[in-house]
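K.L.:
return a 3D structure for these sequence lines:
(one chain, ligands or ions: 2)
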Amino acid sequence: MADYLDRIGAGKILVDRSPLSYDWTPSTLVGRDDSLSELASIFSQIENPDTSCKAVITGPVGSGKTVLTQVFANDLRRHLEGRRKIVHVHVNCRNHPSGPQVLQQIAISLDERHPERGFSAGEMIQSIKRYLRTHGAHMLLVLDEVDVMIRRDSTDLIYRLLRIDEGQNERGTMSIILVSQDSSLLRLFEPAIISRLGASSRVNLHPYNKTDLLQIARQRAEASCIKGSIGEDVLGKIARYAAESGDARLAIELLEAAIIRAEKEGKGEVGIEDIHPSKIRSASVEPNQVDDLTEHKKLILLAICRRLKKEDMVSSGDALKLYHVVCEEFGFEPRGYTTFWKHVKSLEQSGMIESQTASATKGRGRTQHITMSNMSPGVLETRLSSVLSPN
Ligand SMILES: Nc1ncnc2c1ncn2[C@@H]1O[C@H](COP(=O)(O)OP(=O)(O)O)[C@@H](O)[C@H]1O
Ligand SMILES: [Mg+2]
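P.N.:
Ligands and ions are numbered 1, 2, ... in the order given. Prediction:
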């Protein structure tokens, strides 16, 4: 989106907004040295070209699972430079919950021109192997939010990938890190998968305490704002609020909202009165998850967000009307009701919205009420507007 949106206020506080976004990867992690060491010991033999490693990372929302895998993959790649070439592929299974979708994502990240259809799983796996062999590379595959795949009962692919070298004269093709919020779900894997994962491959992340959250907030504040514009009292208040859930994401959201508020008022520093925790809902869905949605799902979600910014819920009928308005705005031909509703249900499945049958229903059909409790409609709206371009 246009740069002007990065400069929301007087510019007396904020220098760079990007460290406040979810996608920003800090160069050092706060309070996770032990977890990084645990991962390092699971991967201790990785330098050997015949070796593949497997790890499982669990922990609640905002405990840093995703960022841990990113920092670890970056460090590992650098550490092995000149000795073993690592290709890091990160797939979020919430966005790509079926086996074919995951394979497609892997193929695209190796070659962005990879055709969309027409290959069986076996063929895709062969072509991934071929790529790695010709490039002399080892893949580090991170399947993030893998619990979504387990819930949908599509774990067959994980099994196939874990056995990728079995029965062949090959070794060391792929290392896999599975990431899940819900550690109990992993028990639902078939014994064949559990035994291949190994007992000692688990890294469990605890929620952050106040001291960690203070440092995380400080790290973002220093990376994004003018020195001295955010006091320790402000960071302390943010840390105290976020410590109730131990969610780093909440700390960062509170900080961002406070900075924006102070900027808008033309202040030169953020005060503790700029922190409004009640307006921020705990987020378990990340805004960047909308990037991969199909155009019409984005349009529908944008329509819903616009209403939910102002009201707690939107009826299915209103959502449809608002979707038509958004389609017109962006120059798309609206889809019919059946497709619209299919998309709404699929957005619900991915955890972005919820729908409930309204108690009072009038006319034909049953009115549904759509709500969004996993994330802030305002944050999502901004993201959607930036990724949707006029047709
Ligand atoms: N130890 C940490 N140090 C610095 N930033 C962190 C740390 N843990 C989490 N974060 C930041 O907090 C946000 C949420 O972390 P994330 O990895 O997405 O959590 P999870 O995947 O467990 O939900 C991200 O922006 C991440 O960069
Ligand atoms: Mg995550």
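K.L.:
just give the nearest non-adjacent residue to Pro152, would you?
P.N.:
That one is not Pro; residue 152 is Arg. Distances taken as C-beta to C-beta, 6 or more residues apart in numbering place Pro97 nearest to Arg152, at 5.3 Å, with adjacent residues excluded. The way it works is simple: take the backbone N, C-alpha and C, and place the C-beta from them, glycine included.
K.L.:
which parts of the chain are helices?
P.N.:
33-42, 65-79, 99-110, 121-134, 147-151, 156-162, 191-197, 210-224, 232-243, 248-264, 295-308, 316-330, 337-349, 377-387 (DSSP state H).
K.L.:
thinking again about what came up before, pLDDT wise, what is the residue nearest to Arg152 at?
P.N.:
Here, the pLDDT recorded for Pro97 equals 88.
K.L.:
give the contact list for the residue in the stretch 101-250 of the chain that ligand 1 sits nearest to.
P.N.:
Here the stretch 101-250 of the chain gets closest to ligand 1 at one residue, Ala248, 3.4 Å apart by C-beta to the nearest ligand atom. Contacts for Ala248 (C-beta atoms under 8 Å, 6 or more residues apart in numbering) come out as 62-64, 208, 212-213, 216, 242.
K.L.:
one step back: what distance do you get for the residue nearest to Arg152 to Ile150?
P.N.:
10 Å (C-beta to C-beta, to the nearest Å).
K.L.:
and what of Asp111?
P.N.:
28 Å.
K.L.:
more neighbours, these two?
P.N.:
Ile150 (21 against 11; other C-beta atoms under 10 Å).
K.L.:
once you drop chain neighbours, what's closest to that one?
P.N.:
In this structure, Ile150 finds its nearest non-sequential neighbour in Leu185, 5.1 Å apart by C-beta to C-beta, 6+ apart.
K.L.:
residue numbers of the stretch 51-200 of the chain in contact with ligand 2?
P.N.:
By C-beta under 5 Å from the ion, the residues of the stretch 51-200 of the chain that approach ligand 2 are 65-66.
K.L.:
where does the stretch 251-391 of the chain have low pLDDT?
P.N.:
The stretch 251-391 of the chain contains residues with pLDDT under 70 at 278-286, 359-365, 374.
K.L.:
burial check on the residue in it that ligand 1 sits nearest to, number of neighbours?
P.N.:
Evaluated by C-beta to the nearest ligand atom, the stretch 251-391 of the chain has Ile252 as its residue closest to ligand 1, separated by 5.5 Å. Per other C-beta under 10 Å, the neighbour tally for Ile252 reads 25.
K.L.:
I figured it hits Arg220, correct?
P.N.:
Yes: with contact defined as C-beta atoms under 8 Å, Ile252 counts as touching Arg220 (5.7 Å).
K.L.:
return every residue with contacts to both of the two.
P.N.:
With C-beta under 8 Å, 6+ apart, Ile252 and Arg220 have common neighbours Leu20.
K.L.:
do you know how far whatever residue of the stretch 51-200 of the chain ends up closest to ligand 2 is from Val387?
P.N.:
Closest contact between the stretch 51-200 of the chain and ligand 2, by C-beta to the ion, is at Thr66 (3.3 Å). For Thr66, the distance to Val387 equals 19 Å [C-beta to C-beta].
K.L.:
hmm, stretch 20-32 in reach of ligand 2?
P.N.:
No: Stretch 20-32 lies out of reach of ligand 2 by C-beta under 5 Å from the ion, never closer than 8.8 Å.
K.L.:
can you pull the buried residues of that stretch?
P.N.:
Buried residues in stretch 20-32, counting neighbours by 16 or more other C-beta atoms under 10 Å, are found at 20-22, 29-32.
K.L.:
ok, stretch 367-376 next?
P.N.:
Per 16+ other C-beta under 10 Å, stretch 367-376 contains these buried residues: 367-372, 374-376.
K.L.:
does it come close to ligand 1?
P.N.:
No: Stretch 367-376 stays clear of ligand 1 (C-beta under 6 Å from any ligand atom), getting no nearer than 11.8 Å.
K.L.:
return the distance of that stretch from the chain's centre.
P.N.:
With C-alpha atoms, centre = their mean, to the nearest Å as the basis, stretch 367-376 stands 19 Å off its chain's centre.
K.L.:
biggest separation within the buried residues of stretch 20-32, which pair?
P.N.:
Greatest spatial distance in these: Ser21 and Gly31, 21.0 Å, computed using C-beta to C-beta.
K.L.:
stretch 44-63 - what's its average pLDDT?
P.N.:
Model confidence over stretch 44-63, given as mean pLDDT, is 94.
K.L.:
check the offset of it from the chain's centre.
P.N.:
Worked out by C-alpha atoms, centre = their mean, stretch 44-63 lies 19 Å from the chain centre.
K.L.:
got the buried residues for it?
P.N.:
Using 16+ other C-beta under 10 Å as the test for burial, stretch 44-63 gives 46, 52-63.
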